[in-house]
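J.: coords please:
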Amino acid sequence: MTNKLNKRGAKRLMNVVRALRESPNPDMFTMEIFLHPCGTPGCALGHYLCRTDLQKTFKVIDADNVRIATKNIESDFFHDVKEHFGLSHEWYGELFSETGCGNAKTAEEAAKYIQDFVMHTRPDGEHV
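T.: Presented below is the predicted three-dimensional model:
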């Protein structure tokens with residue numbers, strides 16, 4: 001996949017921003033895990049996955065094992081996430097890896113990073 005952020009992917013990333021900014025437990029933010037054992041979101045992607053009002057593609061089944069169901073349960077989760085947002089492997093890592101969002105330490109830092117990423121990426125994939 002090439003680095004091309006389409007409108008649908010940009011809208012979905014902005015929903016990640018919304019989930020982060022509306023976090024019920026921002027002090028528990030960490031890019032190191034999707035979900036805490038208690039079910040509280042950890043990372044940017046975890047916040048989005050837990051918000052069924054913002055997305056219907058993914059469903060958290062078991063917080064202890066961090067199993068995620070997609071429409072195609074046999075599919076590869078990371079591939080599905082990249083496809084869902086329209087991200088290349090490189091961009092997925094930049095946003096959602098353990099050091100993603102510029103190594104964000106807070107939900108607001110991650111939200112700002114993703115918002116800036118969306119606002120400064122042209123449809124041809126160039127950052128401006």
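J.: which non-adjacent residue is nearest residue 9?
T.: Excluding the flanking residues, the one nearest residue 9 by Cβ to Cβ, 6 or more residues apart in numbering is residue 86, at 3.2 Å. C-beta coordinates here come from the backbone N, C-alpha and C atoms, glycine included.
J.: residue 28 now?
T.: Residue 28 sits nearest to residue 40 (Cβ to Cβ, 6+ apart), 5.1 Å away.
J.: what of residue 50?
T.: Residue 50 sits nearest to residue 41 (Cβ to Cβ, 6+ apart), 4.9 Å away.
J.: quick one: name whatever helix or strand follows the helix or strand bottoming out on mean pLDDT in the chain.
T.: When the helices and strands of the chain are scored by mean pLDDT, DSSP states H and E, strand 67-69 comes last with a mean of 61. Toward the C-terminal end, the helix or strand that comes next after strand 67-69 (DSSP states H and E) is helix 77-85.
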